[in-house]
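A.B. asks: Sequence first, then the predicted structure, then my questions.
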Amino acid sequence: MSIQVDWQAFTPISLVGGLILGAATVILLLGIGRIAGISGISASLLKPKRVELWQILFVLGLVVSPLFYQLVSPLPLMQVTSSLPLLIGAGLLVGFGTRLGSGCTSGHGICGNARLSPRSMAATVTFMLFGVITVYVGRQVLGLI
């Protein structure tokens, strides 16, 4: 088994994207004391009793930013080769995992680790471990990916 890394995927725009994500996370935390956890923000939007403007703007920013970037520079062509049932199953497993882990990779991996939260560090290690196991089983054992 060999691992191949496409180093051309790491472009300066990737660095800029990471810096913007970090800045948005810090602004949200320092500005209104909220964590930039996508699953928590998305889940709160599905509970219409207490939706706040910042949540709508945050999700809107996630949707609009690739469209804005497309105006400035063409996005690389993406091709999804997985089957629809596999994608749906993966999405359901991710949703279940974020509820089970009380947060997602953005909430735990970016915000929680930055605050040195032991729970977030354990969650991030768990995310990464199961991600590696899933890809290995999907590629090497089942031949799905």
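C.D. replies: Yes, it's here. Numbers count the residues shown, from 1 in each chain.
A.B. asks: Show me the contact partners of the helix or strand harbouring residue 88.
C.D. replies: When elements are assigned from DSSP states H and E, residue 88 belongs to helix 84-100. Surrounding helix 84-100, the residues in contact under the criterion CB atoms under 8 Å, 6 or more residues apart in numbering are 39, 43, 80, 82, 104, 127, 130, 144. C-beta coordinates here come from the backbone N, C-alpha and C atoms, glycine included.
A.B. asks: For it, buried residues please.
C.D. replies: 97-98 (16 or more other CB atoms under 10 Å).
A.B. asks: tell me the mean pLDDT for that helix?
C.D. replies: When pLDDT is averaged along helix 84-100, the result is 85.
A.B. asks: coming back round to it: now that we have the contacts of helix 84-100, can you turn them into CSV and tack on secondary structure and distance to residue 116?
C.D. replies: As requested, those are arranged in CSV below (DSSP: H, G, I helix; E, B strand; the rest coil; distance: CB to CB, whole Å):
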residue, secondary structure, distance to residue 116
39, helix, 21
43, helix, 25
80, coil, 37
82, coil, 36
104, coil, 19
127, helix, 17
130, helix, 22
144, coil, 37
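A.B. asks: of those residues, closest to residue 63?
C.D. replies: Of all the contacts of helix 84-100, residue 39 has the smallest distance to residue 63: 15.9 Å, by CB to CB.
A.B. asks: Report pLDDT for the closest one.
C.D. replies: Model confidence at residue 39 (pLDDT) stands at 83.
A.B. asks: next one: residue 9
C.D. replies: Per the predicted model, pLDDT is 65 at residue 9.
A.B. asks: same deal with the one 10 residues further on?
C.D. replies: Predicted confidence (pLDDT) for residue 19: 86.
A.B. asks: I'd like to know how far it sits from residue 106.
C.D. replies: Distance check for residue 19 against residue 106: by CB to CB, to the nearest Å, it reads 15 Å.
A.B. asks: quick one: which of these two has more around it?
C.D. replies: residue 106 (19 against 10; other CB atoms under 10 Å).
A.B. asks: who touches the residue lying closest to the more buried one once chain neighbours are set aside in this structure?
C.D. replies: What sits nearest to residue 106 in space, not counting adjacent residues and going by CB to CB, 6 or more residues apart in numbering, is residue 38, at 4.8 Å. Taking CB under 8 Å, 6+ apart, we find residue 38 in contact with 62, 104, 106-107.
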